[in-house]
Every structure is written in C-alpha cells, then in structure tokens.
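>>> please find the sequence and the predicted model below.
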Number of protein chains: 2
Amino acid sequence: MYTIGIDLGGTNIVASVVDDKYSIVATSKTPTAMPRTPEEIFDDIARVSAEAVEKAGLTMDDIDSIGLGTPGTVNADGVIEYANNLNFDHVPAKDMIVERLGDKPVFIENDANCAALGEAYAGCGNGAKDFVAITLGTGVGSGIIVDGKIVSGVNHAGGECGHMVIIYDGEDCTCGRKGCWEAYASATALIRQTQKAMEEYPESVMHELAAEEGKVSGRTAFDAMRRGDIAGIKVVDRYIKYISCGLINIVNALQPEIICIGGGICNEGETLLRPLRRYVEAERYSVYSKFQTKIVKAQLGNDAGIIGAAILGRV
Amino acid sequence: MYTIGIDLGGTNIVASVVDDKYSIVATSKTPTAMPRTPEEIFDDIARVSAEAVEKAGLTMDDIDSIGLGTPGTVNADGVIEYANNLNFDHVPAKDMIVERLGDKPVFIENDANCAALGEAYAGCGNGAKDFVAITLGTGVGSGIIVDGKIVSGVNHAGGECGHMVIIYDGEDCTCGRKGCWEAYASATALIRQTQKAMEEYPESVMHELAAEEGKVSGRTAFDAMRRGDIAGIKVVDRYIKYISCGLINIVNALQPEIICIGGGICNEGETLLRPLRRYVEAERYSVYSKFQTKIVKAQLGNDAGIIGAAILGRV
C-alpha cells in the first residue's frame, strides 16, 4: 500500500510517498513562495505529489489515498477555514486536490495533529494508541491521539494544548489569552526569559555567549548553565518547571501512554528530559499507579507531519 | 437488555438495573457505613444488586453485565488500587463481584468517569461522542469522553481536569500541586473566596446572609450579587472567570461537542452559565469555527454515575 502525505507550510510544500511500513519512499518539494493564490499553491501541491510518485517508480494508480497537513483550521468537509500565514479563507482543499489528482480519498488535517499521528504510529510512539506530541518552537504545538485517532473535536481545531492557561492573567499570548503555556514554554518564551535574566544579572556569562552567537537564542541559558552560571541555571530550571506544569496538566487529564517532546529545544536531550520527568513524577495525580506516562524525545522531525498526513486515511 | 450499575460512594452503596433505553428500572441502596472491610462492602454490593434485580422483576439470568463506579484509581485488571475515603489498597473489585454475583462481564471504572459516560449517553449529551463532564463540588470532578468512550488513559486515572494548574505556584491543592483549577473553581474554593471577600468588605450583605444561613455557603456570594452587593458581584464574577479559564483550556485541547457542568453550584442555572459561555466564547482558540463546544447544565444528578456504570459494558 502506498499513500501520499503532503506538508503545506509557510515556507515549503513537501509531498512524499509513504509505504505500508510508514516509511517515506520518495519526496519532492517546492517553495510555498507566498504571497500566492490558493489555486497556484494547489497546482504546486499536485505537481510535487506527481513528482514524488514518479520518483518512487509508481503511478497514481498505486496510490490509495492522499493526506494534507496544513496550518490553521480545517472543517469536516476538507475546507481550510482559516490559515493566517497562508492567507487562506475557506479554501476547499479537499476538492482542489481531487480536481488535480483524481478521485481518490483525500484527508485534510491540521499539521500539528498530523505530526502527532506520525510520531505515534511511525516514530517514538511505536504504535501507542494514547499519545500526545508537544513541539516547543516559536509556539507550543500539540496533537492528541486517543485510541489511535487524532482528537480533532467538533471543529477540527482540537489539540491546542499550547493555549491552555497555566498562569491566570499572566503574559500576553498570541492567541489573545493571557498566561498560556505557550507564553512560558515555547522557545520564544525561553529567549524572552533569558533576556530578562540578562538584564537582572549583568555579570552573567549569558552576555558573552549571546555576543558570540550574535543573538540570544534558546541555547544561551542552557550553555550558561553548563558553565555553572547562576543566572543560566535559574532560567533553565524555571523554564523546565513551566514545561512540566503543562505536561502534568496533560498527564492528569489524559494519562497517555507516551508524551513526546519535539522542536529545537529538544536537541538538549536528557539535559532537558531528565529534570522534566522528575518534576512530572513529583506532581502527577496518578502517584499510586503502576503504569505511568513516558516522556520521550520526538524522533521523526519534519517527517512526522508528512507521514502523519500520509496515514490519515489508514487509521 | 438489562445491566446493573453500582455507585460505590463514601456514604452510600447504590445499585440499579438499567434497561436498553438507559433508564433506571429499579434501585436498591444501603449505607457504606465506613469503616468496614472490603469483604463486608462487597457483600453489601452483591446484596443491593440482587435486591435491585428482584425489584425489577428480573433474575440474574436477565443481566448481561455489571459495572461499578468507585472513587480512586482502578487498573485494567479491575483492581481498585487506591481509594482514600474507602481505605482501599489494591482491592480486587472485579473478582470480588464475580465471586458474589456469578461469572458475568464486570467493569470497574472511576466514578467521575462513569458520571461523564452516563451524561453523554443518557443525559444532556444526548449521545454526543465527544463530551466532557465537569462537577463543581467539594472538588472539581471531571470525565472525558472521546469517540463515545471514556478516556481513562494508560492507568485508568485519566480525566482529572480539576488537577490542571491554572495559576502556577498558586493556592495549595489537596493533590499536592499548587494552583489547580479545583483550588479556584470548586464550591469549596468559592466559599473560601467568599470568606476572604467578607473580611475585606465588613459592610457587605454577605455577613447578614451567612448569619441567616448559619454558615458561608456556595450560595452566599450569588445571593449577595442578586441584592446588588458589590463584594458579592466581585466574588461571583471572579469565580466564574476561574471556571471559564479551565473550561477554555479543555475546549482548546479537546474541542468537545458538549461540556456539561454539574454539582450544587449548577443550581444557579443561567446565572452561572450565561456569563460562563460569554467568557469562553471570548477566549477560545477556535474563534473562526462554525461549530463550537456547547456548555450546558448536567441533567442526571446522582443517577449519571449509576447509568454510566451500567453501560460500561455496552459502549
């Protein structure tokens, strides 16, 4: 069995052919090159999909279904109701793909949800049926899998755990709320927390590190911590506590088998994950349970979303 | 089809026979009368179950399955691993019921999860497949239904949305965390908030109301608000905002079709629900979606848990 998974991003359009072992067998991509019309973008989606099929040595007859992961909000009819960074307003994605690639089953889903599905089936989830994927990046992305299926809710907008308030009336979030987990646990938030600590600690080594790198990044505080810098240690510890706060909320609500953490910050590996697990263990509601949620690093990187999109029609 | 639903509470043991329309056809109950041994309690569970079957004019041969809702943590083997107010430590509930009532399918589940299932199928959910039940009582109880099934997670401890932190490092919660939703949105929390406001506002009518009732209750601030008392208005408005904060977190994560609110505070009806819906609408992530989570009052009261337990084997 072969299916096509497409990742429609603000920067690139990537299409892959995925086999029955959830492996990518061929890929083609092209820049999204915004601003463009939905018609132009879907012409390119069709083109890179056809290219990936050809690269795989297959024809469209070999393809059982097509899945598209997109930013923004999708509805049950396969319409992208709204996607800010693509300037989409009610774009009939499913129909536009069928028009261009023929009458096959087509599935449209939010990209973070696709990434969660991909990791659950083909990545660190190893087939786990109850699974949550968290991505610590510009924002805090998330996708929830229950009983092997994406929890997309009544309006396909489900899975936005990043927009769960952990500090009532706290920092402004891009979503309009105050105090969202995203405003404390994203890489963007870490950078902001690092900058604030640098103002408070003019003697911190973080100033040197940022000067060397040419900017304050998500690594600055972690690197400072490794050099024993007090301000760096404080920033990292508090940041990890913020991450753990949201993770414990998720554990208490869903008790998934696995939560995976992805995004650039995850390159810190066990430096991040070890204390994170300790904080979660200390506070989760299920202290007496034999089975507990495992917290692991995401494995598939950008491929997660493509594989997840490709298997939308299979699960 | 008939099944038995049992609600094992700290005060009473209630068993009902439930028919294929999810209606209770007969009930029998007895005091839990703690402290007693698990054996004594399960003898009574068997006795009231048999009584309910007899009252229904049936025999045990007419019963397809038995479900028990219990406080505490249950595991996949039907063992109640821990239930504080029953003093249970690894009680093999499923086996103890089979021993006493014969070899039928027996299902053990947390009581809040049973209540959610009952409301989803037989109460205000009206068959909704994606459903969350919240109970504002001594604590904040909750149960999550996804795709028609209880989300109990890897360890049957799922659904504890009350223990989601909404104020990082906030008020102490009974679970050991600080700042849980329960510590701000339970009836207990409302009473605490009312008492605090009474200290700040010695001229508030809440003092009179509390004196009349003989205590500060979950009604004191609502009654004061209805008399135009500024302190009462402030307490109620902030309390409803706290409730909305947790509800929006749940909406953003799960986008259920319906969230129902139960517990004593719900007797306030639209006085509570109208502003609550307004706050949720203003902040939910899915502003552009045509379909939105409905927020309604729970319908079944204490019957929800019994009906939910009774249908554990059917869904």
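It's in.
>>> hey, let's count contacts and neighbours off CA atoms from now on
Fine.
>>> name the SS class of the nearest residue to residue A:281 once chain neighbours are set aside, please.
In space, and not counting its chain neighbours, residue A:281 is closest to residue A:287: 7.6 Å by C-alpha to C-alpha, 6 or more residues apart in numbering or on different chains. Under the three-state scheme (DSSP: H, G, I helix; E, B strand; the rest coil), residue A:287 adopts coil.
>>> let's verify residue A:211: helix, strand, or coil?
Going by three-state DSSP: residue A:211 is helix.
>>> any idea which helix or strand carries residue A:117?
Assigned by DSSP states H and E, residue A:117 falls within helix A:111-122.
>>> strands of chain A, start to end?
A:2-8, A:12-18, A:24-31, A:63-70, A:73-74, A:80-83, A:88-91, A:106-110, A:131-136, A:140-146, A:149-150, A:258-262, A:294-297 (DSSP state E).
>>> other residues contacting the first one?
Residues lying outside strand A:2-8 but in contact with it, judged by C-alpha atoms under 8 Å, 6 or more residues apart in numbering or on different chains, are A:13-20, A:32, A:45, A:49, A:62-71, A:111, A:305-311.
>>> what's the answer for the third one, then?
The list of residues contacting strand A:24-31 from outside it, by C-alpha under 8 Å, 6+ apart, reads A:11-19, A:44, A:48-49, A:51-53, A:55-56, A:307.
>>> buried set for it?
A:24, A:26, A:27, A:28, A:29 (16 or more other C-alpha atoms under 10 Å in any protein chain shown).
>>> so how far is it from its chain's centroid?
Relative to its chain's centre, strand A:24-31 lies at 19 Å (C-alpha atoms, centre = their mean, to the nearest Å).
>>> angle of that strand against strand A:2-8?
30 degrees (axes from the mean of the first three to the mean of the last three C-alpha atoms, to 10 degrees).
>>> and for residue A:40, the neighbour number?
By other C-alpha atoms under 10 Å in any protein chain shown, 12 other residues sit near residue A:40.
>>> could you do residue A:272 as well?
Counted with other C-alpha under 10 Å, residue A:272 comes out at 19.
>>> how about the contacts made by it?
A:240, A:266.
>>> ok, is the helix holding residue A:117 in contact with chain B or not?
No: between helix A:111-122 and chain B, judged by C-alpha under 8 Å from any C-alpha of the partner chain, nothing touches; the nearest distance is 11.4 Å.
>>> who's in contact with that helix?
For helix A:111-122, the external contacting residues (C-alpha under 8 Å, 6+ apart) are A:7, A:22-23, A:69-71, A:125-129, A:131-133, A:141-145, A:149-150, A:152, A:159, A:298-300, A:302-309, A:311-312.
>>> hmm, back to that, can you select the buried ones among the contacts of strand A:24-31 for me in ChimeraX?
Here is the ChimeraX command that picks out the buried ones among the contacts of strand A:24-31, judged by 16+ other C-alpha under 10 Å:
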select /A:13,14,15,16,17,18,19,44,48,49,51,52,53,55,56,307
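>>> so which of the contacts of strand A:24-31 reach chain B?
By C-alpha under 8 Å from any C-alpha, no member of those lies near chain B.
>>> circling back: in JSON lines: the strands of chain A, plus distance to residue A:190 and mean pLDDT.
Converted to JSON lines, the strands of chain A look like this (distance: least, C-alpha to C-alpha, whole Å; pLDDT from 0 to 100):
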{"stretch": "strand A:2-8", "distance to residue A:190": "27", "mean pLDDT": "98"}
{"stretch": "strand A:12-18", "distance to residue A:190": "26", "mean pLDDT": "97"}
{"stretch": "strand A:24-31", "distance to residue A:190": "29", "mean pLDDT": "98"}
{"stretch": "strand A:63-70", "distance to residue A:190": "26", "mean pLDDT": "97"}
{"stretch": "strand A:73-74", "distance to residue A:190": "27", "mean pLDDT": "87"}
{"stretch": "strand A:80-83", "distance to residue A:190": "26", "mean pLDDT": "89"}
{"stretch": "strand A:88-91", "distance to residue A:190": "30", "mean pLDDT": "94"}
{"stretch": "strand A:106-110", "distance to residue A:190": "25", "mean pLDDT": "96"}
{"stretch": "strand A:131-136", "distance to residue A:190": "10", "mean pLDDT": "97"}
{"stretch": "strand A:140-146", "distance to residue A:190": "12", "mean pLDDT": "96"}
{"stretch": "strand A:149-150", "distance to residue A:190": "29", "mean pLDDT": "97"}
{"stretch": "strand A:258-262", "distance to residue A:190": "15", "mean pLDDT": "97"}
{"stretch": "strand A:294-297", "distance to residue A:190": "19", "mean pLDDT": "98"}
